[in-house]
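1. How does the following fold in three dimensions:
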Amino acid sequence: MRGAGSSFLVLGLYILCFSSGVYCKQTLEKRPVHAKRSSRYLKARDIPVVSQTCDNSVQGRWWVADSKGSVCLRTKVDTSTGCCKSGEKYSCATCNADDQCCENYEHCISCCQDPKHAPTDLSSTYRGPDRPETGVWADIFQYCRDRCRTSSKSTVHENAYLSPSHHCFSKSGKPTTPAPPTPEVPSFVTVVLGSAGQSCTALCQGTGRVCAQEHLAALNNCNILRQHFACEAGCEPEVSATDAPAYVEASAPKQQRPTMCLTQEEKALALSCDAAQANQQRLCACVDNAK
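-> Below is the predicted model:
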């Protein structure tokens with residue numbers, strides 16, 4: 001209809017020029033005639049926006065850690081994405097670098113996700129230790145979220161924490177506690193766990209070595225004991241514990257304090273390679289015969 005209207009307009013102008021005797025050919029020739037519009041159109045499409053969402057720690061009252069490694073106040077979380085709108089990435093603000101344990105659960109998750117702390121073998125790390133049937137972790141956030149939860153490893157007497165820093169992402173999962181300074185364990189010393197009622201002398205001989213009494217002092221430390229035993233009932237020094245350092249088995253009589261770890265208050269000379277007591281497992285320092 002629009003094209004037809006344009007044609008009638010041109011025809012009318014020709015008639016007007018002819019009847020009026022006015023020479024208007026040049027004018028008419030200069031008038032543009034609307035070309036027929038193409039049926040093809042260039043359609044502009046919107047560029048899709050990739051929505052960035054995060055998993056987060058959810059339950060914290062004040063703090064939230066997200067799967068990008070950030071930690072922020074709950075009020076700073078974007079509720080549409082689950083991500084922190086602001087905050088610190090890979091924050092270790094309440095964490096101890098030595099034992100990799102933190103006072104705050106969310107800081108533990110954030111610090112754990114730092115590439116320098118993340119395990120290199122995540123794709124082969126089972127969700128349940130030594131249990132392939134549990135599968136492996138999908139990503140570092142899931143691993144850290146689970147790792148930082150408190151467990152029996154960070155408690156004592158099953159109802160108290162070993163330390164205020166009880167959210168740990170270390171392999172041991174145990175916080176260190178204040179303890180009297182002890183010598184370093186020499187590299188040539190082999191630390192061996194004995195069976196209940198077994199002396200260090202017999203234990204070391206069974207491995208082709210000898211007990212090094214002078215190095216027992218390096219093991220006479222609650223933090224060292226917790227690396228090898230659960231110490232569920234705690235860890236305490238005893239003046240007369242010549243068979244220390246040792247762990248009291250769960251099956252021991254109540255008066256022997258089952259699941260307790262024992263250290264010796266006295267000097268290393270008070271520690272004996274030959275001492276042994278039923279229901280107690282000793283932690284022994286063994287060296288090659290040549291040492």
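2. in which helix or strand would I find the most centrally placed residue in the chain?
-> Nearest to the geometric centre of the chain sits residue 144, at 2.6 Å (Cα atoms, centre = their mean). If you go by DSSP states H and E, residue 144 is part of helix 140-147.
3. Do you have the helices of the stretch 1-150 of the chain handy? List them.
-> Ranges of helices in the stretch 1-150 of the chain, per DSSP state H, counting those that start in this stretch, are 2-20, 25-30, 105-112, 140-147.
4. tell me the angle the last one makes with helix 105-112.
-> Computed by axes from the mean of the first three to the mean of the last three Cα atoms, to 10 degrees, the angle separating helix 140-147 from helix 105-112 equals 130 degrees.
5. And the contacts of helix 140-147?
-> 55, 57, 65-67, 108-109, 112-113, 118-119, 122, 125, 127, 137, 168-169, 173 (Cβ atoms under 8 Å, 6 or more residues apart in numbering). C-beta coordinates here come from the backbone N, C-alpha and C atoms, glycine included.
6. Narrow these to those in strands?
-> Among these, the members falling in strands (DSSP state E) are 65, 127, 168.
7. Quick check: which ranges of the stretch 151-291 of the chain have low pLDDT?
-> 156-159, 162, 178-180, 266-269, 290-291 (pLDDT under 70).
8. mind listing the strands for it?
-> Along the stretch 151-291 of the chain, counting by DSSP state E, counting those that start in this stretch, strands occupy 155-156, 160-161, 167-168, 190-193, 210-211, 234-238, 246-248, 260-264, 280-287.
9. out of these, which comes closest to residue 86?
-> Nearest to residue 86 among the strands of the stretch 151-291 of the chain is strand 167-168 (22.8 Å), distances taken as Cβ to Cβ.
10. Give me the residues contacting the closest one.
-> Residues from elsewhere that reach strand 167-168 (Cβ under 8 Å, 6+ apart): 99-105, 107-108, 147-150, 153-154, 174-175.
11. Of those residues, keep whichever come out buried.
-> Buried members of the contacts of strand 167-168, scored by 16 or more other Cβ atoms under 10 Å, are 99-105, 107-108, 147-148, 153-154, 174-175.
12. domain ranges for this structure?
-> Split into domains by automatic domain parsing, the chain comes to 63-168, 190-287.
13. Reformat those as a markdown table; add distance to residue 181.
-> A markdown table is the format used below for the domains of the chain (distance: least, Cβ to Cβ, whole Å):
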| stretch | distance to residue 181 |
| --- | --- |
| domain 63-168 | 14 |
| domain 190-287 | 9 |
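14. Report the contact partners of residue 276.
-> Residue 276 makes contact with 197-199, 202, 243, 282, according to Cβ under 8 Å, 6+ apart.
15. before we move on, back to that, need the ones in strands among the contacts of helix 140-147 in a markdown table with neighbour count and distance to residue 207, can you?
-> Shown next, in a markdown table, are the ones in strands among the contacts of helix 140-147 (neighbours: other Cβ atoms under 10 Å; distance: Cβ to Cβ, whole Å):
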| residue | neighbour count | distance to residue 207 |
| --- | --- | --- |
| 65 | 32 | 45 |
| 127 | 15 | 34 |
| 168 | 28 | 31 |
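16. mind giving me CSV with the residues you listed and columns for distance to residue 190?
-> CSV is the format used below for those (distance: Cβ to Cβ, whole Å):
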residue, distance to residue 190
65, 40
127, 32
168, 27
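17. confidence score at the closest residue to residue 84 other than its chain neighbours?
-> Distance criterion Cβ to Cβ, 6 or more residues apart in numbering; nearest residue to residue 84, sequence neighbours excluded, is residue 72 at 3.7 Å. Note on residue 72: pLDDT of 95.
18. so residue 72 bridges to which residues?
-> Residue 72 has these beta-bridge partners by DSSP bridges: residue 64.
19. Pull the residues that contact stretch 190-197.
-> 185, 200, 202-204, 207, 209, 219, 228-229, 249, 276-287.
20. Of these, grab the buried ones for PyMOL.
-> Applying 16+ other Cβ under 10 Å to the contacts of stretch 190-197, the buried members can be selected in PyMOL as follows:
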select buried, resi 185+200+202+203+204+209+219+228+229+249+276+277+279+280+281+282+283+284+285+286+287
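21. on that earlier part again, comparing the strands of the stretch 151-291 of the chain, which stretch has the densest surroundings?
-> Mean neighbour count (mean count of other Cβ atoms under 10 Å) peaks for strand 167-168 among the strands of the stretch 151-291 of the chain, with a mean of 28.
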